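J.: Fold the following, please.
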Amino acid sequence: MNIDRRQLALPALAIGLVSMIPGIALAGADEDAIAKSVEAFRAAQAAGNADGIAPLCAEELSYSHSSGAVDTKAALLDGVKNAKYKWTTLEYKNPTVRVVGPAAIVRFNFVGEQEFTDGKKTPQNLAILMNWQKQGNEWKLLSRSATKL
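T.: Residues are numbered from 1 along each chain as shown. Presented below is the predicted three-dimensional model:
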């Protein structure tokens, strides 16, 4: 029996393509998991719930505000616990999630309104960039940057 390279190429190509399918499904599962974590973060942020935010964040968190201030995880949670405002509305509009290996890039438009204890209301309209990192089996927020629009 004579076998040439062309006869081996098609089965090798088929095996290569089939082996990629679980990776594609995994990327979709990761994107779904990240999207759920982003929504959980938004809901906890809107409620002023530091205990809801804490498990979503990496210990190494670098959280940048649109003012230029940068918080660690501890500082962010302390700020949420001791906030002198509440969110009357908070939406993450048009989110996109892009998984790149053990990291994910999330972008969205942050639109909301804060009401301070003195009754003053302040609208927020920001462009947000979040970076999530897979740590074990969980996705954790590693960094966040905000730009005023």
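J.: So which bits of stretch 122-142 are buried?
T.: Residues of stretch 122-142 classed as buried: 124, 126, 128, 130-134, 139-142 (neighbour count, 16 or more other Cβ atoms under 10 Å). To be clear about C-beta, it is placed using only N, CA and C from the backbone, and glycine gets the same treatment.
J.: whoops, I mixed them up, stretch 80-92
T.: Under 16+ other Cβ under 10 Å, the buried positions of stretch 80-92 are 80, 87, 90, 92.
J.: What lies in contact with it?
T.: 38-39, 42, 45-50, 53, 108-117, 121-122, 128 (Cβ atoms under 8 Å, 6 or more residues apart in numbering).
J.: Of these, which belong to strands?
T.: Per DSSP state E, strands hold the following members of the contacts of stretch 80-92: 108-116, 121-122, 128.
J.: confidence score at A12?
T.: Here the pLDDT value assigned to A12 is 46.
J.: got it, and R5?
T.: 51.
J.: Also the one 4 residues further on?
T.: For A9, the pLDDT comes out at 48.
J.: measure the residue lying closest to T117 once chain neighbours are set aside to I53 for me?
T.: Excluding its sequence neighbours, the residue lying closest to T117 (Cβ to Cβ, 6 or more residues apart in numbering) is K84, at 5.2 Å. The gap separating K84 from I53 is 17 Å, by Cβ to Cβ, to the nearest Å.
J.: Which residues are in contact with L126?
T.: Counting by Cβ under 8 Å, 6+ apart, the residues that L126 touches are 66, 109-111, 146-149.
J.: helix, strand or coil for it?
T.: Of the three states, L126 takes strand under DSSP: H, G, I helix; E, B strand; the rest coil.
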